[in-house]
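[1] This is a predicted model, with the sequence first.
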Amino acid sequence: MKRALSVVAMATLMAGLLSVTLAAQPGDKRIRLLTREVPLAKPRAGMVAETLVLSPDSRHVAYVAARGGRQVVVLDDVEGREYDGVATAAGLTFSPDGTRLAYVAWRDRRAFVVVDGREVPHEDLGGMIVFSPDSKRLAYVARRGAKWFVVADGVEGAGYDGVQKAGAPVFSPDSKRLAYVATRGKKMLVVLDGAEGQEYGGVADGTLTFSPDSRRVAYGAFRGDKRLVVVDGVEGTEYENIEQGSLIFSPDSKRCAYVANRAGRWLVVVDREEIDRYGDVGQRVVFSPDSKRLAYVGKRGGKRFVVLDGVEGPEHDFIGEGACFSPDSGRLAYAARRGSNWLVVVDGEAGKDYEGIGDSTLIFSPDGKHLAYVALRRGKMLAVLDGAEGKAYDQLAAIVPVFSPDGTHLAYVAVQGDKWFVVVDGIEGKEYLRLLLSDRLRFDGPNSLHALAIHDGFVRVEMEIVEQ
C-alpha cells in the first residue's frame, strides 16, 4: 500500500535521544528502545516525491526537484547541476555501499550519465545504470549513430544493432565479470567478458544469470518456436516453454535447475535431467543453502503439493511462491491455500488459517530455530512468530520481518492510521510521519538497527535494544 509523501510545514530538525518503554507480549523479554535521530537533509522546494531514493545504508537521500522548467538532482542537502530533464525510468541509482550516486539527464539535446557529480556525455542512453556488487565498477548502455554499446568502467564495448535494456548489463557476484544481451540483425547473443556467444532467435528477458561463485553463466534462448537453456555455452534440450524466473544455480554453483514445458506437461529440469513425475509443475525450484536438498511444487488433479527430496508433502488447493529453507537446510516452510483460507506449512505441519499470507515474507532466524511471516485477518496485517500472533496493524510496511544476526530479536515497520513506527519484539518505537524503506529494516548488530524517517526533515533513526 502506497501513501502520499508530505513535506509541508516541516519544522527545524533537531537531533535527539529518546527512550521508549512498553510492556512486551507474554513470554517476551522486557526491552527498551533507545532511539537516536541523526539529521540528514531538509526537503527542497519542488521535490518530485516519486523520485525519492535512499542509500542502502540509510545514510543518504536523493531526489529530483523542479526548478522552473528545468530539473536538478538533490543529494542530501546538495543540489546538482540543472538539466532539461532527469530520466525517471532509469532512476537515481545508489551503489550497494551507499557511497556513490548515478543518474541519466539531458541538456541541450545531449544525454549525460552523471556519476558522483561528474558528467559523461553521450549521443543517447538506454536502460539502467548498474553498479557492481563491490560498488567499484559501473556499466550502462549508450548509442552512437546507429550502434548501441555497453560502457563499462568508462570503456566502450563493441557496437551492435541493439543491447537488451530489460535485463541491463549484469555483473558477476565477485564484480569481476560482465555480461549482457546484444542484437545483430534479427539475431540475439550474449556477450560475456567481451566475447560473443552463439546467436539465437532471441534471449529471454531477465534470464542472464551468474552462478554464486561467478564462474558459470546461464540464460534462456529461443530457436524458432522452441525454448532452451544455455549453461556455460552448452545448449540444453529444446522445449515449448521455459517458466519465467525459474532458472537458478544452487548455492554451491554446481547444479542448475529450471522449469520447462513439453506438450503441455511441466517438468523440473536439474542438471539436464528431467523430473517428470506429476506432469504439471507450476512453480520454481528451490535449493537448500547447503545445495544438498531440492524442493518444488507438483500437481495431481486439482491438488498441489511440495516435493522435498523426492517425497510428496500434504495436498493443498494452491501453493505460494515463497518456499524457503532454514539457513541450516534442515527445515522448509511455505504458504498454502485450503479452500478460501491460507496457512503456513512448516516441516510438513500446517499452521493457523488466515485470510491471506504474504508468501514472500516467510523468514527463518539465522539459527533456523524460529520462523516469522506476515498474515492478513479482517483487513489487518500482523506478524506471526513461531505461531504466536503479534498486534494487528493497518499495514506492515516492511513486508519482510527481519531477525537480528543472533536470532533473538524480530523487527518490522507498522502503520496505524497516519503514524509509522518500528516494532521490535512487540515493542512499538517512536512515531513518525513516514519511515522510508529501500527494501527492509537493517540490523547493524545483535542489539542495534536503523531506518530512515521523515520527521521535520529526513533523519536516520538509530535504535539500540536494551534488555531489562
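    Good, I have the coordinates. Numbers count the residues shown, from 1 in each chain.

[2] thought residue 233 was touching residue 197?
    Yes - using C-beta atoms under 8 Å, residue 233 makes contact with residue 197 at a distance of 6.4 Å. The C-beta positions use only the backbone N, C-alpha and C, and glycine is treated the same way.

[3] more neighbours, the two?
    residue 197 (19 against 13; other C-beta atoms under 10 Å).

[4] what helix or strand is the residue nearest to the more buried one when sequence neighbours are not counted on?
    Closest residue in space to residue 197, ignoring its immediate chain neighbours: residue 190 at 4.3 Å, by C-beta to C-beta, 6 or more residues apart in numbering. Of the helices and strands defined by DSSP states H and E, residue 190 is found in strand 187-192.

[5] That strand packs against which elements?
    Secondary-structure packing of strand 187-192 (3 or more C-beta pairs under 8 Å, 6 or more residues apart in numbering; DSSP states H and E): strand 178-184, strand 202-203, strand 217-223.

[6] quick revisit: what number of residues lie near the residue nearest to residue 197?
    Counted with other C-beta under 10 Å, residue 190 comes out at 25.

[7] low pLDDT regions in the stretch 151-300 of the chain?
    Along the stretch 151-300 of the chain, segments meeting pLDDT under 70 span 166-167, 282.

[8] Check the burial of residue 224 by counting its neighbours.
    Using other C-beta under 10 Å, residue 224 has 8 neighbouring residues.

[9] That one is in contact with residue 201, isn't it?
    Yes - Residue 224 is within contact range of residue 201, at 6.4 Å (criterion: C-beta under 8 Å).

[10] For residue 272, see how far away the residue nearest to residue 197 is.
    Taking C-beta to C-beta, to the nearest Å as the measure, residue 190 falls 19 Å from residue 272.

[11] So what's the predicted local confidence for residue 3?
    pLDDT for residue 3: 29.

[12] when you give positions from now on, start the count at 142
    Will do, 142 is the new start, and the previous item becomes residue 144.

[13] Spit out the contact partners of the residue nearest to residue 338.
    If you count contacts by C-beta atoms under 8 Å, 6 or more residues apart in numbering, residue 331 has them with 320-323, 337-338, 344, 349, 358, 360, 371.

[14] If we only consider those, which is nearest to residue 571?
    Residue 571 lies nearest to residue 349 out of the contacts of residue 331, by C-beta to C-beta, at 43.6 Å.

[15] neighbours around the closest residue to the closest one other than its chain neighbours, how many?
    Taking C-beta to C-beta, 6+ apart, and ignoring the residues beside it in sequence, residue 349 has residue 360 as its nearest neighbour in space, at 4.6 Å. Counted with other C-beta under 10 Å, residues neighbouring residue 360 total 24.

[16] and what of residue 457?
    Here the number of neighbours of residue 457 (other C-beta under 10 Å) works out to 22.

[17] What of residue 599?
    Neighbours around residue 599, by other C-beta under 10 Å: 26.

[18] What residues are bridge-paired with it?
    Per DSSP bridges, the residues bridged to residue 599 are residue 182, residue 595.

[19] Can you point out the buried residues in the strand holding residue 331?
    Across strand 328-333, burial judged by 16 or more other C-beta atoms under 10 Å covers 329-333.

[20] Could you do stretch 373-386 as well?
    Result for stretch 373-386 [16+ other C-beta under 10 Å]: buried residues 377, 379-380, 383-384.

[21] next one: stretch 278-287
    In terms of neighbour count (16+ other C-beta under 10 Å), stretch 278-287 has its buried residues at 278-284.

[22] Can you tell me which of those residues is closest to residue 246?
    Comparing the buried residues of stretch 278-287 against residue 246 with C-beta to C-beta places residue 281 closest, at 12.8 Å.

[23] give the contact list for that closest one.
    So residue 281 contacts 245, 254, 266, 268-271, 291-292, 309-310 (C-beta under 8 Å, 6+ apart).

[24] try 7 Å
    254, 266, 268, 270-271, 292 (C-beta atoms under 7 Å, 6 or more residues apart in numbering).

[25] Quick check: pLDDT value at it.
    At residue 281, pLDDT is 95.

[26] any idea how far it lies from residue 227?
    The gap separating residue 281 from residue 227 is 15 Å, by C-beta to C-beta.

[27] Then residue 607?
    Distance of residue 607 to residue 227, given as C-beta to C-beta: 43 Å.

[28] that older thread, name the nearest of the buried residues of stretch 373-386 relative to residue 303.
    residue 383 (22.0 Å).

[29] can you put the contacts of residue 281 in TSV and add distance to residue 514, neighbour count and secondary structure?
    Shown next, in TSV, are the contacts of residue 281 (distance: C-beta to C-beta, whole Å; neighbours: other C-beta atoms under 10 Å; DSSP: H, G, I helix; E, B strand; the rest coil):
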residue	distance to residue 514	neighbour count	secondary structure
254	41	22	strand
266	41	23	strand
268	35	22	strand
270	34	24	strand
271	32	21	strand
292	42	19	strand
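
[30] how about these, which pair is most distant?
    Longest span within these, C-beta to C-beta: 266 and 271, 12.7 Å.

[31] hang on, residue 316 in a helix?
    No - judged by DSSP: H, G, I helix; E, B strand; the rest coil, residue 316 forms no part of a helix; its state is coil.

[32] Could you tell me the per-residue confidence at the closest residue in space to it that isn't next to it in sequence?
    Take residue 316 and drop its neighbours on the chain: the residue closest to it by C-beta to C-beta, 6+ apart is residue 273, 3.8 Å away. At residue 273, the model reports a pLDDT of 98.

[33] Hmm, residue 347 and the residue nearest to residue 349 touching each other?
    No - in this structure residue 360 lies outside contact range of residue 347 using C-beta atoms under 7 Å: 9.4 Å.

[34] confidence score at residue 462?
    Note for residue 462: predicted pLDDT of 83.

[35] Tell me the spacing between it and residue 425.
    According to C-beta to C-beta, residue 462 stands 7 Å off from residue 425.

[36] between these two, which one's more packed in?
    Legend: neighbour count by other C-beta under 10 Å for residue 462 and residue 425, higher for residue 425 (20 against 14).

[37] ok, that one - contacts?
    By C-beta under 7 Å, 6+ apart, the contact set of residue 425 is 384, 386-387, 389, 400.

[38] got a list of contacts for the helix or strand residue 483 falls within?
    Using DSSP H and E, residue 483 maps to strand 482-487. Strand 482-487 is contacted from outside by 455, 472, 474-477, 491-498, 503, 512, 514, using C-beta under 7 Å, 6+ apart.

[39] ditto for stretch 512-519
    Residues from elsewhere that reach stretch 512-519 (C-beta under 7 Å, 6+ apart): 474, 485, 487, 495-499, 502-505, 522-527, 533, 537, 540, 542, 551.

[40] Just the buried ones among those residues, please.
    Applying 16+ other C-beta under 10 Å to these flags 474, 485, 487, 495, 498-499, 502-505, 522-526, 533, 537, 540, 542, 551 as buried.
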